[in-house]
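Colleague: okay, here's the prediction I keep looking at, along with the sequence it came from:
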Amino acid sequence: MTSKEELFRSLVAEHQEMVINTCYRFVFNHEDAEDLAQDVFVEVFRSLEQFREEAKLSTWIYRIAVTKSLDHLRRLKRKKRFSSLKRIIGVADPVEDIAAPFTDNPAEALAGSERARILYDALNSLPDSQKTAFLLSKQEGYSNQEIADILKTSVSAVESLVHRAKKSLHDKLYAFYSEH
């Protein structure tokens, strides 16, 4: 076994859980998150020789995971638009995947899945940069400096993105719950 393969195995062992969790925070689907994590590590393996030690290795891997997750969401949006068009012109009915609930109580599962859908919709309505900064900060617990490194931007830009994301989410969720 070559040293590159050994390094890769240790990278996967060390970072796999973080990559899967990161992808899940963006796509809210365990199977998609696991598939994306595989794509991330394929990219890591292919690009390992090009890695410049300008950032920490974990930051570089995290950046790839975020990029792959956002690309996946963009593809889903394109598919959804195409499905809507097909439905309008009567070609086919789109089928939506609904994750199985993690509870045995149907009322709790429905309420929980409804809240999750509302939050998911609100998060997905944010611009990618705001959504990414917000998730990295609030879900992953990264510092503004670490987020700036991942997004290749300044700390003040990260602070602004997180602030705008929080305000936008607050406004969207407040409006939704005021109506309902």
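Modeller: Now that the structure is in, tell me what you want to look at.
Colleague: in the chain, which spans are helices?
Modeller: Counting by DSSP state H, the chain has helices at residues 3-27, 30-47, 57-89, 106-124, 128-134, 144-151, 155-179.
Colleague: list the helices and strands the second one packs on?
Modeller: Pointing back at helix 30-47 there. helix 3-27, helix 57-89 (3 or more Cβ pairs under 8 Å, 6 or more residues apart in numbering; DSSP states H and E). Where C-beta positions appear, they are placed from N, C-alpha and C, glycine not excepted.
Colleague: any idea of the angle it forms with helix 3-27?
Modeller: Going by axes from the mean of the first three to the mean of the last three Cα atoms, to 10 degrees, helix 30-47 is angled at 140 degrees with respect to helix 3-27.
Colleague: contacts for helix 30-47, please.
Modeller: By Cβ atoms under 8 Å, 6 or more residues apart in numbering, the residues outside helix 30-47 that reach it are 8, 11-12, 16, 19-21, 23-24, 27, 61, 64-65, 68-69, 72, 99.
Colleague: that older thread, deepest of the helices of the chain, which one?
Modeller: Counting by mean count of other Cβ atoms under 10 Å, helix 128-134 has the highest mean neighbour count of the helices of the chain, with a mean of 21.
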